[in-house]
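Peer 1: From the sequence below, what's the structure:
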Amino acid sequence: MRTTYGLVLGLVGMAAAARGSISQATSPNPGGFIQAGAYASSIPGIIPGADMSPAASADFEEHSFTNPGSTAADAAYSGGQVSNSSSGTAGMGYLRMHAFNSGPNSTSFSGGEVNGCWKDTFTVSNPGLNGQAGYMVFQVRGRGTLSANGFAGLAGIHTTGYKNNQELMLNALFNRGNSDAISTDRQRAQWGAASAPNVTRTVDGVVTMAVPITFGTPFSLSVCAMAQAGQRSQSGVTGLSNGTVDFTGQGITWNGIVSITNSAMTPVTGSSIISGSGIDWGAPVLTCDSIDFNGDGLYPDTADVDDFLSVFSGGPCSTGTCGDIDFNNDGLFPDTSDIDSLLNVFSGGACL
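Peer 2: Below is the predicted model:
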């Protein structure tokens, strides 16, 4: 039996070398990209933000976007007893991802993989510290589900950050929260699930990252994520295994700037932050609870929009169990921004 830990541990220590297509280094700024691949075998092990467009993919799609837009990509493969797919949506401050794989345990590491980033330029200024070193401390939140079934099912999602196209190195301000412990000198976080034989994991975690800065000097910051569904081993064990990553409802989102510190990592006051996009990154990017508003299992569909508008105007929900119509959780119940948010998320954008 040949075993791999490529989805859960194989990212550690790998170089983020581009392979001729989109990566965080070539991404628009401000903007980002999404890539989706389906693999009959040999799913690539990459770090989030690297280019995942090898010629061996059975199906592949990639797109970039510029602020204030968003983009999406999907891929699928089916052959013999193997089937897999991946899809994702990327916008400023969020990445929503889905990956699935099902196949015999003897398959040579088939899988679905999705990869993407958002990127912006920041200038942190402080009258008393300009020209000196410091840190901008920010958080990334991951929310979704992982499931792995059978003898060899595996699912995982990973996130990391880059300053000026270089992955962030570990420092004392980094905190991986409830993400899995990994051995690395980079600010990486991951959540994984491996079948034993059937595992479902609900993820809601916050990772704290710290980018070194020079006060008054612009720098680019990319936040990236990669999701993989595949196999943890190849063997002669009979039967099928599958894995699923479902980070479509909330996904990987910007959770706000926590603090600005000096070189001694002591928080300081009086700083201003200007972004190239004009976005105020001080607060979390709002994400709606779920755009399967009527709970019919179709995510999303026009019935969600119809039911939301019906309930908003005082009418009934077709299922009788529609959710809270303070859809974007801004405390205003209800208002037109809830409608705007629903329609924007429905069309692949961010919650407003």
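Peer 1: ok, residue 136 touching residue 209?
Peer 2: No: Residue 136 sits out of contact with residue 209 when judged by CB atoms under 8 Å, with a separation of 9.2 Å. Any C-beta I mention is one placed from the backbone N, CA and C, and that applies to glycine too.
Peer 1: Tell me how far the helix or strand harbouring residue 211 lies from the chain's centre.
Peer 2: Taking DSSP states H and E as the definition, one finds residue 211 inside strand 199-214. Computed by CA atoms, centre = their mean, to the nearest Å, the separation of strand 199-214 from the middle of its chain amounts to 10 Å.
Peer 1: Stretch 210-224 now?
Peer 2: For stretch 210-224, the distance to the chain centre is 20 Å (CA atoms, centre = their mean).
Peer 1: Only the buried residues of it, if you could.
Peer 2: 210, 211, 213, 214, 215, 220, 221, 222, 223, 224 (16 or more other CB atoms under 10 Å).
Peer 1: Now do the fifth one, the pLDDT please.
Peer 2: At residue 215 the predicted local distance difference test score is 98.
Peer 1: Now do the same contact list for it.
Peer 2: Counting by CB atoms under 8 Å, 6 or more residues apart in numbering, residue 215 makes contact with 124, 125, 126, 129, 130, 131, 132, 133, 134, 271.
Peer 1: can you rerun that using 7 Å?
Peer 2: By CB atoms under 7 Å, 6 or more residues apart in numbering, residue 215 lies in contact with 124, 125, 126, 129, 130, 131, 132, 134.
Peer 1: Grab the nearest non-local neighbour of the third one.
Peer 2: In space, residue 126 comes closest to residue 271 once its chain neighbours are excluded; the distance is 4.4 Å by CB to CB, 6 or more residues apart in numbering.
Peer 1: how near is the one you found to residue 123?
Peer 2: Per CB to CB, to the nearest Å, residue 271 is found 10 Å from residue 123.
Peer 1: Between the two, tell me which one has more neighbours.
Peer 2: A side-by-side neighbour count of residue 271 and residue 123, using other CB atoms under 10 Å, places residue 271 first with 21 against 16.
Peer 1: ok, the more buried one touching residue 122?
Peer 2: No: at 11.1 Å, residue 271 does not count as touching residue 122 under the criterion of CB atoms under 7 Å.
Peer 1: what about the stretch 201-350 of the chain, any weak spots by pLDDT?
Peer 2: 286-300, 321, 323-333, 347-350 (pLDDT under 70).
Peer 1: the helices in it, which residues?
Peer 2: 302-312, 336-346 (DSSP state H, counting those that start in this stretch).
Peer 1: which of the residues in the first one are buried?
Peer 2: Neighbour counts over helix 302-312 (16+ other CB under 10 Å) mark 303, 304, 305, 307, 308, 311, 312 as buried.
Peer 1: elements contacting it?
Peer 2: helix 336-346 (3 or more CB pairs under 7 Å, 6 or more residues apart in numbering; DSSP states H and E).
Peer 1: which helices and strands does the helix it packs on pack with?
Peer 2: If you count contacts as 3+ CB pairs under 7 Å, 6+ apart, helix 336-346 packs onto helix 302-312.
Peer 1: Can you give me the end-to-end span of stretch 210-222?
Peer 2: Taking CA to CA, to the nearest Å, stretch 210-222 runs 12 Å from one end to the other.
Peer 1: Report the separation between the residue nearest to residue 126 and residue 135.
Peer 2: 11 Å.
Peer 1: Likewise for residue 179?
Peer 2: 20 Å.
Peer 1: Look at the two and report which has more neighbours.
Peer 2: Neighbours were counted for residue 179 and for residue 135 using other CB under 10 Å; residue 135 has more, 24 against 20.
Peer 1: Which residues does that one form beta bridges with?
Peer 2: Note on residue 135: beta-bridge partners by DSSP bridges are residue 212, residue 261.
Peer 1: Could you identify the most distant pair in the buried residues of stretch 210-224?
Peer 2: Farthest pair in those (CB to CB) is 215 and 224. Separation: 25.4 Å.
Peer 1: In the stretch 1-150 of the chain, mark out all the helices, start to finish.
Peer 2: In the stretch 1-150 of the chain, no segments count as helices under DSSP H, counting those that start in this stretch.
Peer 1: Packing partners of the strand holding residue 211?
Peer 2: strand 133-149, strand 153-163, strand 189-194.
Peer 1: Describe which strands the second one pairs with in its sheet and in which direction.
Peer 2: Just to be clear, that refers to strand 153-163. Strand pairing for strand 153-163, using DSSP bridges, gives strand 166-167 (antiparallel), strand 189-194 (antiparallel), strand 219-231 (antiparallel).
Peer 1: These: which one's closest to residue 106?
Peer 2: Among the strands paired with strand 153-163, strand 219-231 comes nearest to residue 106, with 9.7 Å by CB to CB.
Peer 1: That closest one to strand 199-214, inter-axis angle?
Peer 2: Strand 219-231 and strand 199-214 are oriented at 160 degrees to each other (axes from the mean of the first three to the mean of the last three CA atoms, to 10 degrees).
Peer 1: relative orientation of strand 219-231 and strand 133-149 in degrees?
Peer 2: Here strand 219-231 runs at an angle of 20 degrees relative to strand 133-149 (the same axes, to 10 degrees).
Peer 1: what does the strand holding residue 211 contact?
Peer 2: Counting by CB under 7 Å, 6+ apart, 124, 131, 133-148, 159, 161, 163, 168, 171, 173-179, 187, 189, 191, 193, 219, 221, 255, 258 sit against strand 199-214.
Peer 1: on that earlier part again, format the strands paired with strand 153-163 as JSON lines; extra columns: distance to residue 203.
Peer 2: Shown next, in JSON lines, are the strands paired with strand 153-163 (distance: least, CB to CB, whole Å):
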{"stretch": "strand 166-167", "distance to residue 203": "22"}
{"stretch": "strand 189-194", "distance to residue 203": "5"}
{"stretch": "strand 219-231", "distance to residue 203": "11"}
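Peer 1: Appreciated, that's everything.
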